[in-house]
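*Asks:* Curious how this folds, go ahead:
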Amino acid sequence: MSNPELLASTPAISPHIRGDQPGLLRHILNPGVNLCLWQRPSQPAIAQELLSLQTSALPDVRCSTSPDSFDQDVSTLLQQQGLDPLAFKNWRIDLRRVADLYFSVSKNRDVTLRLVTTDEDDCPRFHVDQTQLRLLCTYRGPGTEWLNDEQVDRAAQSTGAPNDEIIRHGEPNEFEPFWVGIMKGNAYPGNAGRGLVHRSPQISGSGKTRVLFCLDC
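*Replies:* Sure, this is the predicted structure:
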């Protein structure tokens, strides 16, 4: 079995690091890496809790957060939307676990917490975030779509071209539910023009609801 500590300290050989060990998320600090994706299994207890969430339950609610305040911040956001934090015990435990992995690489940067439920196509065009590091985990519904560096025509992307001109070949990759990804944006030092190109999945009219957790710095 792979040692997560050893894996995290091994020089990366790809801009996209994927695997089933949470320690690989630390590779995001390596030069040339713009996505680390922890491909973990779904968790039925959490999925069951989230079935109660309506599309309008968490309309992109957000706040500043930190390792010390995170648990209370999550509870406060839920309460502000009329939700009982005690009804989401397993989810809150998992959010904390995932957040700690992010805090370990975000250093002392200011972090914004977001919780979203939606049935809309939020960001349908392939784009690059103007942030340093973004964590995404879709707990319910389709996940974020993203492109390998070889698939991207960055000149087309940066000049506002449509999606079919941005994709050189193939189909987009997609986060599965419960997978945890940390991606670099254009604001990360030395990464301008090399952030991960991605978009929200197309779900409008499908009857599906996404439940999304995001951390930004």
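
*Asks:* Does the residue nearest in space to the middle of the chain have any beta-bridge partners, and if so which?
*Replies:* In the chain, the residue lying closest to the centroid (CA atoms, centre = their mean) is L136, at 1.0 Å. For L136, the beta-bridge partners are G181, C214 (DSSP bridges).

*Asks:* From V152, how far off is it?
*Replies:* L136 sits 18 Å away from V152, going by CB to CB, to the nearest Å. Every C-beta, even on glycine, is put in place using the N, C-alpha and C of the backbone.

*Asks:* For the residue nearest to the centre of the chain, which residues are in contact?
*Replies:* With contact taken as CB atoms under 8 Å, 6 or more residues apart in numbering, L136 is in contact with G143, T144, F175, V180, G181, M183, L212, F213, C214.

*Asks:* mind running it again at 6 Å?
*Replies:* By CB atoms under 6 Å, 6 or more residues apart in numbering, the residues touching L136 are T144, G181, C214.

*Asks:* Confidence-wise, which of these comes last?
*Replies:* Within the set of the contacts of L136, pLDDT is lowest for T144 (95).

*Asks:* My understanding was that that residue contacts H198; is that so?
*Replies:* Yes - under the criterion of CB atoms under 6 Å, T144 lies in contact with H198, with a separation of 5.5 Å.

*Asks:* Confirm N191 sits in a helix?
*Replies:* No - using DSSP: H, G, I helix; E, B strand; the rest coil, the assignment for N191 is coil, not a helix.
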